[in-house]
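>>> here you go, sequence then predicted model.
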Amino acid sequence: HEMIHERLTNMGVTEETVELVKSTIERQLSIVNKKPDFRVLLFILANKGEFLYEHSLMLSYICQIMLEQLEWNSRDTQYKVFLACMMHDVSAESDDMFSNLEIIRRQNIDELKECHRSFFDHPLNSADYIYSFKDVPPDTNAIIAQHHEEPDGKGFPKGLNANKIFPLSALV
């Protein structure tokens with residue numbers, strides 16, 4: 001958490017905002033740690049590799065900052081977005097899956113889908129996995145399923161455009 005705190009400060013986020021978001025994240029982690037299923041998922045995620053856990057945690061911080069700025073910061077929305085951020089890559093096999101993300105983004109996605117099916121399916125697989133848990137707030141699985149969609153329709157897994165992407169998915 002301290003490393004993320006430092007990175008955010010270096011990115012120009014004020015100390016006051018970082019502290020506010022840090023307390024929000026700590027509250028969310030406290031809630032998650034009281035739910036054995038989610039605690040296990042965080043453990044699984046942490047053991048897939050350092051990148052995935054740090055990426056998920058950094059994303060949760062940045063999204064909480066954005067929620068504050070957009071005034072979408074009800075506790076329910078904060079929790080839903082936190083869970084989506086932390087669990088969006090839970091079905092990923094390992095950090096290795098993401099090592100070539102920039103290369104994949106520069107190429108024709110349709111050509112790569114067959115070669116890298118597990119990568120392109122991970123948003124839907126993660127959403128399905130999370131959907132099976134009883135304590136998941138409504139729409140969390142939709143946020144996860146759409147986290148790689150792009151407004152121009154060139155994202156994946158479904159190639160949705162801006163009109164069809166859930167607003168909290170667009171944030172994430």
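Received, thanks. Numbering: from 1, shown residues only.

>>> where along this structure do the helices fall?
Along the chain, counting by DSSP state H, helices occupy 2-10, 15-33, 36-46, 50-70, 75-87, 101-106, 109-113, 117-131, 140-145, 167-171.

>>> by mean pLDDT, which helix or strand of the chain comes out lowest?
Within the chain, confidence by mean pLDDT, DSSP states H and E is lowest for helix 101-106 among all helices and strands, at a mean of 56.

>>> who touches the residue most central in space within the chain in this structure?
For the chain, Cys85 is the residue whose C-alpha lies nearest the centre (C-alpha atoms, centre = their mean; 2.6 Å). Listed by C-beta atoms under 8 Å, 6 or more residues apart in numbering, the contact set of Cys85 reads Ser56, Leu57, Leu59, Ser60, Cys63, Val172. (C-beta placed from N, C-alpha, C; glycine too.)

>>> and among the helices of the chain, the most buried is which?
helix 140-145 (a mean of 24; mean count of other C-beta atoms under 10 Å).

>>> re earlier: nearest to Ser23 among the contacts of Cys85?
Closest approach between the contacts of Cys85 and Ser23, by C-beta to C-beta: Ser60, at 13.0 Å.

>>> could you check how far the closest residue to the closest one other than its chain neighbours is from Gln64?
Of all residues not flanking Ser60 in the chain, Cys85 sits nearest, at 3.8 Å (C-beta to C-beta, 6 or more residues apart in numbering). To Gln64, Cys85 is 9 Å away according to C-beta to C-beta, to the nearest Å.

>>> before we move on, what about Asp128?
25 Å.

>>> pretty sure Met58 sits against Met3.
No - Met58 sits out of contact with Met3 when judged by C-beta atoms under 8 Å, with a separation of 9.1 Å.

>>> the nearest residue to Gly159 once chain neighbours are set aside: how many residues sit nearby?
Counting by C-beta to C-beta, 6+ apart, Gly159 lies nearest to Gly153, which is 5.2 Å off, once chain neighbours are set aside. Neighbours of Gly153 under the rule other C-beta atoms under 10 Å: 14.

>>> what about Gly153, distance to His88?
20 Å.

>>> do Glu2 as well
From Glu2 over to His88 (counting by C-beta to C-beta), the distance is 23 Å.
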